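Asks: Take a look and give me a structure for this.
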Amino acid sequence: MKSRLLWSLLAASLVVPVRASLQEKKDEPAKAAAANKPLPLEGARDVSFVTEEGSWISLDVSPDGKTILFELLGDLYTLPIDGGQAKRIADGMAFDTQPRYSPDGSKIVFISDRDGDENLWTADANGSNPKALTKGKSNVFRSPEYTPDGKYIVVSKSTPGTPPTMHLWLYHVDGGSGVKLTGNSNDSKNLFALGPSFGKNPRYVWFTERTAAGSVYNQMNFRWQLGIYDRQTGENYRQSDELGAGMRPIVSPDGKWLVYATRWDAQTGLRLRNLENGDDSWLAYPVTRDDQESASTRDLMPGSSFTPDSTALITSMDGKIVRVAVPSGAITPIPFKADVASPSSTRWLKGRCARSRSGTRGSRLTAGASRSPPSSTCT
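Replies: Numbering: from 1, shown residues only. So this is what the prediction gives:
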């Protein structure tokens, strides 16, 4: 009897691991699918409409001068340089922003939260084959830019801490841990650095630096000024002393012109500096308001770009995309029409929350109710 019982227990012990192994193999496809899922959110409905304008449109011009790459409501679009129908090349639940072309026009870099956290991503110029270059869980990235040789990307990256900091980092296009460029000395460790930009000389990186510590909210003085980072010496050099700050520098491909934003008489405008003789004058005023009083989560100004021949600046203004002639400042609209199709993770409900298994629970005020798909429970 004991022998029979022992054999039964032994057989049972062998069956359980086999069943567990089979169950694990059965679950492998589901686990793999979950691992590759961009975001843990599912859209409750699609929001679709056509628009001819947008807010805070960051853009870039392709190296051949034929195409504009821009962001709109968290998706990426391309547009013929003279305007027309925009083509969406990146969509979905992810919030994709601040795109830039590689020097040869074959790749793009952008900021996205498609893996659940904000990181640096690249893709082919048509939006295909997206790839995460960073895999941070608590960092914030802003305003990526390719180096002129196309081998690296310079981006502003925050590091958690007290006080929080934002420095320029250099990443290889194939990935890696990156190299911190600014903030390596006692004088600059608390410096905020935003909006890297290259001109004709790849040795120098133009950027915006915050010149004083403290809160960025509700500022009563303008702490941002232009700076240059020397890639050979590692030194920073101040390049402006504007009363209304100096922000978001853009250098022309031929190295002659510098465009930057500043505040004057409670409005933001664009200044044009001739780097050959130092002359500095207004290019366009007023333009889109800068973000100095807030956290500048998408930089202090939307991204803009010179045309390859350095004769015009392509930028966004009053919700539109425009061409600003250099140096005259003449503005020509670049009309666009974009089809927006954005999945929404929430649904507005009228009245009290829908009945759940435990019944409804009354409240004095119901606001912002959303249904969790595919469940009928709402919060």
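Asks: Now do the contacts for Phe325.
Replies: I think there's a mix-up here, since residue 325 is Ala and not Phe. For Ala325, the contact set (C-beta atoms under 8 Å, 6 or more residues apart in numbering) comprises 311-312, 331-332. (Glycine included, C-beta is placed from N, CA and C.)
Asks: Leu300: which of the residues you listed is nearest?
Replies: The shortest approach to Leu300 among the contacts of Ala325 belongs to Ile331, at 21.2 Å (C-beta to C-beta).
Asks: Per-residue pLDDT of the closest one, please?
Replies: pLDDT for Ile331: 98.
Asks: ok so, going back, what is the nearest of the contacts of Ala325 to Asp174?
Replies: The shortest gap between Asp174 and any of the contacts of Ala325 belongs to Ala312, at 33.8 Å (C-beta to C-beta).
Asks: Please list all residues in contact with that closest one.
Replies: By C-beta under 8 Å, 6+ apart, the contact list for Ala312 reads 306, 323-326.
Asks: Please repeat the previous calculation with a cut-off of 6 Å.
Replies: 323, 325-326 (C-beta atoms under 6 Å, 6 or more residues apart in numbering).
Asks: I'd like these laid out as TSV, including secondary structure, distance to Thr147 and pLDDT.
Replies: Listed next are the contacts of Ala312 as TSV, based on DSSP: H, G, I helix; E, B strand; the rest coil; distance: C-beta to C-beta, whole Å; pLDDT from 0 to 100:
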residue	secondary structure	distance to Thr147	pLDDT
Arg323	strand	26	99
Ala325	strand	28	99
Val326	coil	24	99
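Asks: which stretches of the stretch 1-150 of the chain have low pLDDT?
Replies: Scanning the stretch 1-150 of the chain for pLDDT under 70 picks out the ranges 1-43.
Asks: For the closest residue in space to Thr211 that isn't next to it in sequence, grab the count of nearby residues.
Replies: With sequence-adjacent residues excluded and distances taken as C-beta to C-beta, 6 or more residues apart in numbering, Thr211 is closest to Arg223, at 5.1 Å. For Arg223, the count of nearby residues is 15 (other C-beta atoms under 10 Å).
Asks: Would you mind measuring from Arg223 to Ser294?
Replies: For Arg223, the distance to Ser294 equals 13 Å [C-beta to C-beta, to the nearest Å].
Asks: Overlap of the contact sets of the two?
Replies: Common neighbours of Arg223 and Ser294 (C-beta under 6 Å, 6+ apart) do not exist.
Asks: nearest to Pro196, of the contacts of Ala312?
Replies: Distance to Pro196, by C-beta to C-beta, is smallest for Val326 among these, at 21.0 Å.
Asks: The closest one: what's it in contact with?
Replies: Val326 is in contact with 257, 311-312, counting by C-beta under 6 Å, 6+ apart.
Asks: Next, the contact list for the closest residue to Gly246 other than its chain neighbours, please.
Replies: Excluding its sequence neighbours, the residue lying closest to Gly246 (C-beta to C-beta, 6+ apart) is Ser240, at 3.4 Å. When contacts are counted by C-beta under 6 Å, 6+ apart, Ser240 touches 225-226, 246.
Asks: what do you get for Ala193?
Replies: Contacts for Ala193 (C-beta under 6 Å, 6+ apart) come out as 156, 167-168, 182, 207, 209.
Asks: Return the members of these classed as buried.
Replies: Those of those that meet the buried threshold are 156, 167-168, 182, 207, 209, by 16 or more other C-beta atoms under 10 Å.
Asks: Filter those down to the ones in strands?
Replies: Counted as lying in strands by DSSP state E, out of the buried ones among the contacts of Ala193, are 156, 167-168, 207, 209.
Asks: Just name the closest of those to Pro343, please.
Replies: Lowest distance from Pro343 to those (C-beta to C-beta) belongs to Ser156, with 29.0 Å.
Asks: Is the nearest residue to the closest one once chain neighbours are set aside within a helix or a strand, and which one?
Replies: Distances taken as C-beta to C-beta, 6+ apart place Arg142 nearest to Ser156, at 4.3 Å, with adjacent residues excluded. Secondary structure from DSSP states H and E places Arg142 in strand 141-146.
Asks: do the same with Arg271
Replies: Arg271 is located in strand 267-274, with elements delineated by DSSP H and E.
Asks: doesn't Leu194 make contact with the residue nearest to Thr211?
Replies: No - look at Arg223 against Leu194 with C-beta atoms under 6 Å: they stay out of range, at 11.8 Å.
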